[in-house]
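Trainee: task: produce atomic coordinates for the following.
(2 chains)
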Amino acid sequence: DSGVTQTPKHLITATGQRVTLRCSPRSGDLSVYWYQQSLDQGLQFLIQYYNGEERAKGNILERFSAQQFPDLHSELNLSSLELGDSALYFCASSSDIRDPINGQFFGPGTRLTVL
Amino acid sequence: EDKVVQSPLSLVVHEGDTVTLNCSYEVTNFRSLLWYKQEKKAPTFLFMLTSSGIEKKSGRLSSILDKKELFSILNITATQTGDSAVYLCAVVGWAGNQFYFGTGTSLTVIP
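Mentor: Alright, predicted model coming up:
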């Protein structure tokens, strides 16, 4: 158990809908990262927050947004969902502001299926 | 275009063998390289490397970076069936703090 929690575990929804994925980092970790993993694209970095501020942005679509709250949990919002958004979404946390020199800990993931 | 290429794509070895996995990269303004192990679930962080020639070691796993030739290797000695997984390499660039992932090497260790 990494200490990172993600909810929900599975999510099935229809095209055009909006969903929110939630992540709670390990106790004491200020950095939260979001990743998307699909069969055809592999693991892709979406976005990183550190102590509530956006630190890095990857290939995150405009339909997607994220935020990190004062209690350090983070939410990833996906809107106008398309079939191609079906994937595993991982959250990870670390104590580092930049690169995870002290390690990076992944949650179990949320599996999103868009029908 | 920034990219990370891992090789081989897949390999199958017997328990006790030593394996070397490769990660080469072309990333603007390289900052760090990370290795992960992914079994059937979430990735597990293994190493972060920033300096050339300095080996990082954890048990039977070790990794080294060559910033001149733009690659890293991950060595696993005395492999065990529990080492069976996909090993992912990611490179972080200074520009935008982006992570670039390779497609991974699938390792299967048979008894």
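Trainee: which residues of chain B lie near chain A?
Mentor: Residues of chain B found near chain A (CB under 8 Å from any CB of the partner chain) are B:31-32, B:34, B:38, B:41-45, B:48, B:50, B:88, B:90, B:92, B:96-104. C-beta here means a position set from N, CA and C on the backbone, and glycine is covered the same way.
Trainee: from these, which land in strands?
Mentor: B:31-32, B:34, B:38, B:43-45, B:48, B:88, B:90, B:92, B:99-101 (DSSP state E).
Trainee: tell me, how many residues neighbour whichever residue of chain B sits closest to chain A?
Mentor: Nearest residue of chain B to chain A, counting by CB to the nearest CB: residue B:97, 3.3 Å away. By other CB atoms under 10 Å in any protein chain shown, the residues close to residue B:97 number 17.
Trainee: my guess is it contacts residue A:48. True?
Mentor: Yes. Using CB atoms under 8 Å, residue B:97 makes contact with residue A:48 at a distance of 6.8 Å.
Trainee: spit out the residues that contact the two alike.
Mentor: A:55-57 (CB atoms under 8 Å, 6 or more residues apart in numbering or on different chains).
Trainee: for the helix or strand of chain B with the lowest mean pLDDT, name the packing helices and strands.
Mentor: In chain B, no helix or strand scores lower on mean pLDDT, DSSP states H and E than strand B:99-101, which sits at a mean of 90. Applying 3 or more CB pairs under 8 Å, 6 or more residues apart in numbering or on different chains; DSSP states H and E, we find strand B:99-101 packed against strand A:42-50, strand B:3-7, strand B:85-93.
Trainee: so what are the sheet partners of the very next helix or strand once past it and their directions?
Mentor: Heading C-terminal from strand B:99-101, the first helix or strand you meet, by DSSP states H and E, is strand B:105-110. Paired neighbours of strand B:105-110 in the sheet (DSSP bridges): strand B:10-14 (parallel), strand B:85-93 (antiparallel).
Trainee: distance between the following helix or strand past the shortest one and the chain's centre?
Mentor: The one in question is strand B:10-14. Going down the chain from strand B:10-14, the next helix or strand is strand B:19-26, by DSSP H and E. Per CA atoms, centre = their mean, to the nearest Å, the displacement of strand B:19-26 from the mean C-alpha position of its chain is 6 Å.
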